[in-house]
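A.B. asks: Need a 3D model of the sequence below.
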Amino acid sequence: MPGDRLTLHDRQQIAAGLRGELTYAAIGRRIGRPTSTITREVMRNGGPLAYHAEAAHRAGARHTRQRKTTPPTPSPSPSPSPGRNDLGGRDPRLVDDVDAQSMELMVQAGLPQMMARVLAALFTTDSGSLTSAELVQRLRVSPASVSKAIGYLETQALIRRERDPHSRAERYVVDDDVAFQSIMAGARAQTRIAEACKIAARKLGPTTPAGARLENTSEFLLHVIDDLVRSAQHWHKVYRAHPPKSSDTD
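C.D. replies: Residues are numbered from 1 along each chain as shown. You can find the predicted model right below:
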């Protein structure tokens, strides 16, 4: 098989893997391709929710013919499409690649796929914010899918809403300290679990096997949460006081 050229059968396997909600890495292993190849193929052909094997194969064949018949000429950077005007002048294909890789890692970490797509899109805009319409256009999904993802991400303290000063639209924002906010939200949730375990241990009796198990779980969680919160607060202060500087090229 020449180069990285995918066959129709490969693309049908990719489509089947997407329907089965497999990760790009799992699909790549299934057909013997690198994860990056699957990532580029899917994002180049509509994303995981709009990928069709036959259409992608036709598009791939056209691209191959164009490469064979058209002499290479310098071309200007692609003009941004709606919802893609906050890429800092970067090639949208490069941003798509970063989006897809970020989404893959978030999915592997347990974030649902649509929520991961929305969060990755916000992360890769320089402003860190997009409206619902911009997310719909950029991700090529329905407004309902965006709304559901936004609601979930808000409950995880990963994004927030703010009013667009130039319109009535709401903007969804990922802050620079999103990791800190997410850790703190997770710590609060784990603290509630620890407290519930302690109450349950008292009710069942701390000398019973179940009571002792719950008591130990509560103490473990509280100690770990305390260490985590102290570390997060320390490094949050450090980076707020001394934000990392861009590396200078020698």
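A.B. asks: Identify each buried residue in the lengthiest helix in the chain, please.
C.D. replies: Residue-count comparison of every helix in the chain, with assignments taken from DSSP state H, identifies helix 209-241 as the longest. Neighbour counts over helix 209-241 (16 or more other Cβ atoms under 10 Å) mark Gly211, Leu214, Glu215, Thr217, Ser218, Leu221, Leu222, Ile225, Val229, Ala232, His236 as buried. From N, CA and C alone the C-beta is placed, and that goes for glycine too.
A.B. asks: hang on, Asp176 packs against Gly128?
C.D. replies: Yes. Taking Cβ atoms under 8 Å as the definition, Asp176 is a contact partner of Gly128 at 7.3 Å.
A.B. asks: quick one, which of these two is more surrounded?
C.D. replies: Gly128 (17 against 10; other Cβ atoms under 10 Å).
A.B. asks: Just the pLDDT for that one.
C.D. replies: pLDDT for Gly128: 89.
A.B. asks: nearest spatial neighbour of it, skipping sequence neighbours?
C.D. replies: Nearest non-adjacent residue to Gly128, counting by Cβ to Cβ, 6 or more residues apart in numbering: Val174, 4.9 Å away.
A.B. asks: ok, now Ile183?
C.D. replies: For Ile183, the nearest residue in space outside its immediate sequence neighbours is Ala232; the separation is 4.7 Å by Cβ to Cβ, 6+ apart.
A.B. asks: which one in the protein is furthest away from the centre?
C.D. replies: Taking Cα atoms, centre = their mean, the residue of the chain most remote from its mean C-alpha position is Thr207, at 45.0 Å.
A.B. asks: In a helix, that one, correct?
C.D. replies: No. According to DSSP: H, G, I helix; E, B strand; the rest coil, Thr207 belongs to no helix; its state is coil.
A.B. asks: Leu221 versus that one, what's the distance?
C.D. replies: Distance from Thr207 to Leu221, counting by Cβ to Cβ, to the nearest Å: 21 Å.
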